[in-house]
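**Student:** Pasting a predicted model and its sequence here:
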Amino acid sequence: MDSLFTIAAITVIVLVVFDYTNGFHDASNVIATVIASRAMTPVQAVCVVGFFEFLGPLLGGTAVADTIGSFVDISDFQAMPAMIIILCGVIAAVAWNIITWRLGIPSSSSHALVGGLVGSVMIAAGGEHIVWGLDELSHGHVIGVFKVLMALLISPIIGFWAGFLMHRWMGILLRGARPQINRKLRRSQFLTTAALAFAHGANDAQKSMGVITLILLLGGFIPEFIVPFWVIVVCASAIALGIMSGGWRIVRTVGFGIYKIRPLHAVNAQITAGAVIFSAALLGGPVSTTHVVSSSIMGIGASERPRAVRWAKAADIISTWIFTIPGSACIAAMTYLVIGQWFVPVGL
């Protein structure tokens, strides 16, 4: 029991670290537009975002946590090896977050976590222990990996076209407005940035909440899959602290590398991204803030001046999105081949 508790504690700590890296990794996506449009100083942006990131998981429900906690099925394993599988997957996700942060690439923490868990389960137990959701789809039920991938793949498309239409509509609404309108648009970003931060916290922190709850269930520490309140508080705190650490390398890519951001662009991107992300949180869809914010900026730029959009940079970001799941899955598989061997005697 002592060794089981130790492994559970280590896995929970690594998941909290993942939440922290998710915070400083995705902080750049949340604060990039407000900084690029000069609506707030970096310190102001981090404080506002950090506060509302903390509130998001507390008030945003647990629908995403339920989805993330149920797309792998290792309930027939002994507790120790099941936790090791999850631990290897989360280590891979943390590693991917740190690598892409160092390179200044706005990749998806959500993709990294999904890829890490799928990779570790595949190498340790085989694909039959992953809830793909294809059979259930024929009966009208959207669950498992299919639900996760559908949310991750569709959300940037929605973000792009929502940003495109939002900017067109705002352009018509503000036609003939005087330059002084920029001052009001900058002030309004205190509200729109707070809304985006709340939506991000409500969606992203739940991913770790779901996996931690799964660990507690596998270890017999809780009787059923219900997210404990202390897990919500810990994950909310970790992601808020990560946000307050900032991810300035990626701010340059998202805020300045895709399109020249002015106050109107920033407001439109924040409204669009916040609406898409929070809607997904209510529906239990784990979307990527990186995807949604970046794609909304692309849509806004395409609606105004398509030639001014730095499509080459956009292509680099998209290629990173494509490689994140298989990349983190490979890291997870290699991690399990190293760490998992120590626990083979325990038995699967």
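**Tutor:** Thanks, I have the structure now. Worth saying up front: this structure is predicted, and the values here are computed from it rather than measured.

**Student:** can you pull the contacts of Ser70?
**Tutor:** Ser70 is in contact with 131, 143-144, 210, 225, counting by C-beta atoms under 8 Å, 6 or more residues apart in numbering. (C-beta placed from N, C-alpha, C; glycine too.)

**Student:** quick one: the helices in the stretch 1-150 of the chain?
**Tutor:** With DSSP state H, counting those that start in this stretch as the criterion, the stretch 1-150 of the chain has helices at 2-36, 42-59, 63-68, 79-103, 109-125, 134-137, 144-173.

**Student:** For these, state which one has the densest average packing.
**Tutor:** Each of these was scored by mean neighbour count; the highest is helix 109-125, a mean of 27, by mean count of other C-beta atoms under 10 Å.

**Student:** Kindly provide the distance from His200 to Ala281.
**Tutor:** Between His200 and Ala281 the computed distance is 9 Å (C-beta to C-beta, to the nearest Å).

**Student:** Compare neighbour counts for these two and give me the winner.
**Tutor:** His200 (33 against 27; other C-beta atoms under 10 Å).

**Student:** Just the pLDDT for that one.
**Tutor:** With respect to pLDDT, His200 has a value of 82.

**Student:** is it true that it touches Gly56?
**Tutor:** Yes: with contact defined as C-beta atoms under 8 Å, His200 counts as touching Gly56 (6.5 Å).

**Student:** Need the residues touching each of those two.
**Tutor:** Common contacts of His200 and Gly56 (C-beta under 8 Å, 6+ apart): none found.

**Student:** before we move on, back to that, okay, the contacts of Ser70 in TSV with pLDDT and distance to Gly327 next?
**Tutor:** Output for the contacts of Ser70, formatted as TSV (pLDDT from 0 to 100; distance: C-beta to C-beta, whole Å):
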residue	pLDDT	distance to Gly327
Val131	83	22
Ile143	76	25
Gly144	75	21
Gly210	84	22
Phe225	84	29
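
**Student:** what comes up buried for the helix or strand harbouring Ser279?
**Tutor:** Per DSSP states H and E: Ser279 is located in helix 263-283. Neighbour-count burial for helix 263-283, with 16 or more other C-beta atoms under 10 Å as criterion, is recorded at 263-278, 280-281.

**Student:** Who are the packing partners of it?
**Tutor:** Counting contacts by 3 or more C-beta pairs under 8 Å, 6 or more residues apart in numbering; DSSP states H and E, helix 263-283 packs against helix 2-36, helix 63-68, helix 144-173, helix 181-218, helix 289-304.

**Student:** ok, Thr192 to Ala269 distance?
**Tutor:** According to C-beta to C-beta, Thr192 and Ala269 sit 9 Å apart.

**Student:** Gly301 reaches Val309, doesn't it?
**Tutor:** Yes: with contact defined as C-beta under 8 Å, Gly301 counts as touching Val309 (3.9 Å).

**Student:** shared neighbours, these two?
**Tutor:** Common neighbours of Gly301 and Val309 are listed as 258-259 (criterion: C-beta under 8 Å, 6+ apart).

**Student:** between those two, who's got more neighbours?
**Tutor:** Neighbour count, other C-beta under 10 Å: between Gly301 and Val309, Gly301 has more, with 25 against 20.

**Student:** residue contacts, the more buried one?
**Tutor:** Residues in contact with Gly301, defined by C-beta under 8 Å, 6+ apart, are 258-259, 265, 308-309.

**Student:** One more: Phe52?
**Tutor:** Neighbouring residues of Phe52 by C-beta under 8 Å, 6+ apart: 194-195, 197-198, 201.

**Student:** Same question for Cys88.
**Tutor:** The contact partners of Cys88, by C-beta under 8 Å, 6+ apart, come to 116, 120, 124, 332, 335-336, 339-340.

**Student:** would CSV of those with pLDDT and distance to Ala79 be doable?
**Tutor:** Output for those, formatted as CSV (pLDDT from 0 to 100; distance: C-beta to C-beta, whole Å):
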residue, pLDDT, distance to Ala79
Gly116, 93, 20
Ser120, 92, 16
Ala124, 88, 14
Ala332, 95, 19
Thr335, 93, 19
Tyr336, 92, 17
Ile339, 85, 16
Gly340, 71, 15
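
**Student:** Which member of these is positioned nearest Val49?
**Tutor:** Of all the contacts of Cys88, Gly116 has the smallest distance to Val49: 25.7 Å, by C-beta to C-beta.

**Student:** Can you verify my assumption that that closest one contacts Ser328?
**Tutor:** Yes: using C-beta under 8 Å, Gly116 is in contact with Ser328, at 4.6 Å.

**Student:** Now do the shared contacts for the two.
**Tutor:** 92-93, 96.

**Student:** In TSV: the residues you listed, plus pLDDT.
**Tutor:** Below are the shared contacts of Gly116 and Ser328 laid out as TSV (pLDDT from 0 to 100):
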residue	pLDDT
Ala92	95
Ala93	92
Trp96	91
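
**Student:** Can you tell me how far the residue sitting furthest away from the middle of the chain is from Leu185?
**Tutor:** In terms of distance from the mean C-alpha position of the chain, Gly176 ranks first, at 38.3 Å (C-alpha atoms, centre = their mean). Distance, Gly176 to Leu185, using C-beta to C-beta: 15 Å.

**Student:** got it, and Trp161?
**Tutor:** According to C-beta to C-beta, Trp161 and Leu185 sit 22 Å apart.
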